[in-house]
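**Student:** Model the following, please.
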Amino acid sequence: MNVTKPVLEPYMSFADVILDQGGDISSKLDMLRIDKFPPNAQKTLRQFSLAEVAEFVGVSQSYLKKLHLQGKGVEPSVTPTGRRYYTADQINELRSVLDRVPHRTGREKLQVIAVVNFKGGSGKTTTAAHLAQYLALRGYRVLAVDLDPQASLTALYGIQPELDEKPSFYETLRYDEARKSITEIIQPTNFPNLDIVPANLELQEYEYETPLAMQQKDSTAGKLFYTRIGDALSEVDGRYDVVVVDCPPQLGYLTLTALTAATSVLITVHPQMLDIMSMSQFLLMLGNILKSIEGAGVKVDLDWFRYLITRYEPMDIPQQQMVGFMQSMFAQQMMKNHMVKSTAISDAGLTKQSLYEVERSQFTPATYDRAREALDLVNAEVIELMNSAWGR
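**Tutor:** Sure thing, here's the model as predicted:
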């Protein structure tokens, strides 16, 4: 049987071909974005049901109905069947009316949650994206930071790095005179209370420039590279309650700089043997490097760190065994709730949306509800850890 092999055009090198194809993909994605988010190609946000709003605000549905009937609070949209729907801005208004705004006080420090894993495909970006959005919907002022040069988190928020030309955190981390303040980098999102520091491929430059800066005799900046993210965040300390950092899936200078700025760490783990083996190597390397950094006088002082099981399939016996294996070793550091694997999450991602953005009616109700329940339980557990760190 003859098999026809794809042949490159004689005048095109491999580099030419992949540049050409990368450009084609980028332009097609931009066309999809414009088609999905007209008229200005910006993401919007759906309205939320009475049940969702009651959960986000922390009151009963009957209480919200009573408020509406009494003409207090906000005026939701009401369908012909009597269902009430609220915008995200109205949720914040309700929270203010009910005096349930959860902003931190002056004595409570900024929470910086680094979401990390050494291996791609662990659900790290999905976890970071949904956590940031959930915190914003619960009334916290949130800054999402995308430190991954692949910019998946950035793309999820409707920013296409190669076309939108938004500056990344690299502009704040760089070592030359072109360095910018983080206040010039932050971008708004379609969620009230939630801003983002986008990523792009330029972030990779930080990995190359840091060792060069460390070698320069007169460069204190290079020798103190691990303080750069913390220093940048200190500029906006009063604007946010929580920072959620999506770290790159590698143990480089970006990840180390994020960890030294973090007050807490969430390590995502896919419960498969190879993934756990990879994680063990990651922990050994990370521990040794952090010891070296501590030797230079910088202590990584965390309020908490947890292992989060992601892409979990409860009926998968080997996965159950892996979860049991981890719990037997460090039960204290395991999240009580797991992030289940769901087609609802992956299907929502096809349109660059999270599960908090899509309409429930687009999915089989049981599939959507199962995924939402898992997400909400995990994210609510993180809020408990934050409140504990604040002494609430």
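**Student:** Quick check on Y368: phi, psi?
**Tutor:** Phi and psi for Y368, reported as degrees, to the nearest 10, are phi -60, psi -50.
**Student:** gap between stretch 200-210 and the chain center?
**Tutor:** 20 Å (CA atoms, centre = their mean, to the nearest Å).
**Student:** Identify all contacting residues around it.
**Tutor:** For stretch 200-210, contacts defined as CB atoms under 8 Å, 6 or more residues apart in numbering pick out 147-149, 151, 154, 161-162, 166, 168-171, 173-175, 222, 225, 248, 252-254, 257. All C-beta atoms are positioned from the backbone trio N, CA, C, and that covers glycine.
**Student:** so M386 makes contact with Q111?
**Tutor:** Yes - assessed by CB atoms under 8 Å, M386 is found in contact with Q111 at 5.3 Å.
**Student:** hey, what's in contact with both of the two?
**Tutor:** 242, 264.
**Student:** Which helix or which strand is home to the most centrally placed residue in the chain?
**Tutor:** Taking CA atoms, centre = their mean as the criterion, A128 is the residue nearest the geometric centre of the chain, at 2.4 Å. Here A128, judged by DSSP states H and E, is contained in helix 124-137.
**Student:** For that helix, enumerate the helices and strands it packs against.
**Tutor:** helix 88-97, strand 111-116, strand 142-146, helix 152-156, strand 194-197, strand 242-246, strand 264-269, helix 365-390 (3 or more CB pairs under 8 Å, 6 or more residues apart in numbering; DSSP states H and E).
**Student:** Residues in contact with the fifth one: which ones?
**Tutor:** Contacts of strand 194-197 with the rest of the structure, by CB under 8 Å, 6+ apart, involve 132-133, 135-136, 142-146, 153-154, 157, 159, 168-169, 172, 182, 185-189, 240.
**Student:** Quick one, which of those are buried?
**Tutor:** 132-133, 135-136, 142-146, 153-154, 157, 159, 168-169, 172, 182, 185-187, 189, 240 (16 or more other CB atoms under 10 Å).
**Student:** what's the angle from the helix holding A128 to helix 88-97?
**Tutor:** 50 degrees (axes from the mean of the first three to the mean of the last three CA atoms, to 10 degrees).
**Student:** Give me the angle between helix 124-137 and helix 365-390.
**Tutor:** Using the same axes, to 10 degrees: helix 124-137 against helix 365-390 is 70 degrees.
**Student:** can I assume V244 is in contact with V145?
**Tutor:** Yes - with contact defined as CB under 8 Å, V244 and V145 form a contacting pair (7.0 Å).
**Student:** quick one: R107 from R392, how far?
**Tutor:** According to CB to CB, to the nearest Å, R107 stands 11 Å off from R392.
**Student:** Same question for K124.
**Tutor:** For K124, the distance to R392 - CB to CB - is 28 Å.
**Student:** So for these two, which sits in the more crowded spot?
**Tutor:** K124 (27 against 12; other CB atoms under 10 Å).
**Student:** Run through the strands of the stretch 1-150 of the chain in chain order.
**Tutor:** Using DSSP state E, counting those that start in this stretch, the strands of the stretch 1-150 of the chain run over 48-49, 77-78, 84-86, 111-116, 142-146.
**Student:** Could you say which of the ones you listed is packed most deeply?
**Tutor:** Of all those, strand 142-146 has the most neighbours on average by mean count of other CB atoms under 10 Å, namely a mean of 28.
**Student:** This completes my enquiry, with thanks.
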